[in-house]
Structure formats: structure tokens, C-alpha cells
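J.: let me see the structure of the following:
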Amino acid sequence: MSAFTSNEKEVFLLHVSGTLGEGVSGFPATTKFELHNNQYWEANILKADSIKKAAWISVGRPIGKYDNIYNKRDGIEFKIYRKKFIGDSLKFTIGWVRVEVIGKKIIKRIYNFPENASFQNADSWVEFILPAAKN
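T.: Numbering: from 1, shown residues only. Predicted coordinates for the structure are as follows:
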């Protein structure tokens, strides 16, 4: 999940997983988003391998634990169009969840960049200086 602001009033939350989603709020920023909402941005999504999925389901394995059917990727790439933001700078933070299965335990680890990022304000977020908008 990524959050961006270019005016300290409007926060765009961009979510990427099996589909794309976006939420818009002010501060404190919300983590709510709508699926399939991604105007002026795109990203590579997590896609299921249909053969692996069919095999998984055919042997009666629980659908909620079928991460192994997804085609693995090294990372998520975002393409965000300049017209998405106003002004000449942009602040952002990124958060992600890593789920590990250790024995019979499922451990969920939450990471943020920058590490001290908060959704209360953008004070600790990374700042980009944007190129001039093209008409």
C-alpha cells in the first residue's frame, strides 16, 4: 500500500495486490479504498496461475491459503501520471505486509518506509520534487 499527497490536504492511498484500488482522504489518512479504482496510475498486479489454481482447488485445499498458485514477482512497479498531482512536490510513504508460515503459525509482519511514517500527517514521509506539469 502506498500513500501520496501533493498538497497536505488530499491523500491518495494506492493499493496493489490481485487488483488495483484507490482511496482518497485527508489527514489523518484512512486506509479504506475501492477496488478497480485507479485513475491516472497503474501497477503490475499479482496474477494467479490458472493451472496451479485448478489443481489446488481440485484436491480440496482451502481457498484462503493458496498463495502458492500465484506467479511470483520480484516487486511491484507503479506508473503514476503527473496529472494525478498538483504542485511541484509530492510526499509518499509505502507499507507492506509479509506473511510467513512457521510450522503451524502464521506470522504477519508489517513494514513501513520511512520506518517512522504515520498516517496522522506527512511530516516524516519522503519528499519528491516533481517536474513541471505538461499541458
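J.: for this structure, which segments are assigned as helices?
T.: Counting by DSSP state H, one finds helices in the chain at the ranges 50-58.
J.: low-scoring stretches of it, by residue?
T.: Along the chain, segments meeting pLDDT under 70 span 18, 46-50, 62-76, 133, 135.
J.: which residue lies closest in space to residue 24, excluding its sequence neighbours?
T.: Nearest residue to residue 24, sequence neighbours excluded (Cβ to Cβ, 6 or more residues apart in numbering): residue 12, at 5.8 Å. Any C-beta I mention is one placed from the backbone N, CA and C, and that applies to glycine too.
J.: so in this protein, which strand runs the longest?
T.: strand 89-102 (DSSP state E).
J.: name the residues that touch that strand?
T.: 1-6, 8, 67, 106-114, 117, 122, 124-130 (Cβ atoms under 8 Å, 6 or more residues apart in numbering).
J.: strands of this structure, start to end?
T.: Secondary structure of the chain (DSSP E): strands at 2-5, 11-16, 20-25, 34-35, 41-43, 78-80, 89-102, 105-113, 126-129.
J.: tell me how far the residue lying farthest from the centre of the chain lies from residue 53.
T.: Distance from the C-alpha centroid of the chain peaks at residue 59, with 31.7 Å (Cα atoms, centre = their mean). Per Cβ to Cβ, to the nearest Å, residue 59 is found 12 Å from residue 53.
J.: and if you look at residue 97?
T.: From residue 97 across to residue 53, the span is 22 Å (Cβ to Cβ).
J.: give me the more crowded residue out of these two.
T.: residue 53 (15 against 10; other Cβ atoms under 10 Å).
J.: if I pick the closest residue to residue 6 other than its chain neighbours, what's in contact with it?
T.: Excluding the flanking residues, the one nearest residue 6 by Cβ to Cβ, 6+ apart is residue 85, at 3.7 Å. With contact set as Cβ under 8 Å, 6+ apart, residue 85 has these partners: 4, 6, 130.
J.: what sits up against stretch 16-34?
T.: Residues contacting stretch 16-34 (Cβ under 8 Å, 6+ apart): 1, 3, 8-15, 35-39, 41-48, 76, 78, 119-122.
J.: before I go, just wanted to say thanks for your time.
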